[in-house]
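*Asks:* model this:
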Amino acid sequence: MKTLYIMQKEIRESILTPKGFLWYILTSIILSVLSYLFLTNRELSLLDQGTMLYMIMNFITALGVLMGLVFGSDAFAGEIERGTLEALFLSPVNRMEIAAGKLGAVLTNWGIIFAVSLPYLFIVGKGGQNLLMGILYLGILGTLLSIIFSAFSMGLSARIKSMKNSLIISFFVFLLAGSPVFISAALRRTWFGRILDLVNPFADAVNTFDSVVIDSQGFSYQIGRVAIICVYTLLCIWFLKRSAVKLEM
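*Replies:* Predicted coordinates for the structure are as follows:
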């Protein structure tokens, strides 16, 4: 119940605000523009539904991760800078309940982004044979990635105690993690690209989307990548737990 209280507090203060709604409005606008380009642009419209669905899934995942990093960086460092963390610590809630509540609010944010994106996924992927399976994998892996990056960012926020610095480091990690989306296919086939794909949870999710949506491969092909993502999830939750427990005023 205490964790739920913290979660509700974070949702009211971070998500159900004009600033929070602005994220969702921008998400809708960007997805609308992308969908329009996919369906009307002469070159892009030549892509099959699977490729278009795969590309927009990558964007939605990156957007969810990015928002998680922003909210995560504010989780503890923002409370310290606003002078509200002491009052939170004096309430009958322990540090792990505070961390769990804040993480729950971030996942709520991802859930809203996912819900907002559903109509666009159906529009772009209409007629594609792997649409529903792609949406299922996006929901599951997107949730795990949100936990990974937001928990990491929250842990940094607790240790560094500076929202600006934790946000800078989080963005740098985000750029490294998102690099497989931007580098060429030829580079990804090199030894460096293969290692990056193997140890990078974001790359594992992107490759899974490719395998499921474009190549129509079953779950047996995804087990290794999904297992790596799950390991990262557990490690980042552990990192957040250790950081929250050690946090001092």
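
*Asks:* other SSEs contacting the helix or strand harbouring residue 31?
*Replies:* Here residue 31 sits within helix 18-40, counting by DSSP states H and E. For helix 18-40, the elements it packs on are helix 49-75, helix 95-124, judged by 3 or more C-beta pairs under 8 Å, 6 or more residues apart in numbering; DSSP states H and E. Quick note: C-beta positions are derived from backbone N, CA and C, even for glycine.

*Asks:* what's the angle from the first one to helix 18-40?
*Replies:* Read that as helix 49-75. 170 degrees (axes from the mean of the first three to the mean of the last three C-alpha atoms, to 10 degrees).

*Asks:* how far out from the middle of the chain is helix 49-75?
*Replies:* Distance of helix 49-75 from the chain centroid (C-alpha atoms, centre = their mean, to the nearest Å) equals 5 Å.

*Asks:* give me the helices and strands touching that helix, please.
*Replies:* helix 18-40, helix 95-124, helix 131-160, helix 163-182, helix 201-209.

*Asks:* let's see that with 6 Å instead.
*Replies:* helix 95-124, helix 131-160, helix 163-182, helix 201-209 (3 or more C-beta pairs under 6 Å, 6 or more residues apart in numbering; DSSP states H and E).

*Asks:* not counting its own residues, what contacts the shortest one?
*Replies:* Counting contacts by C-beta atoms under 6 Å, 6 or more residues apart in numbering, the residues outside helix 201-209 that touch it are 54, 57-58, 141, 145, 148, 177-178, 180, 197, 222, 225, 228-229, 232.

*Asks:* closest to residue 169 out of those residues?
*Replies:* The closest of those to residue 169 turns out to be residue 177 (C-beta to C-beta; 12.5 Å).

*Asks:* point to the residue nearest the middle of the chain.
*Replies:* residue 65 (2.5 Å; C-alpha atoms, centre = their mean).

*Asks:* and the spatially closest residue to residue 66 that is not a sequence neighbour, how far from residue 95?
*Replies:* Nearest residue to residue 66 in three dimensions, chain neighbours excluded: residue 174, at 6.4 Å (C-beta to C-beta, 6 or more residues apart in numbering). According to C-beta to C-beta, to the nearest Å, residue 174 and residue 95 sit 26 Å apart.
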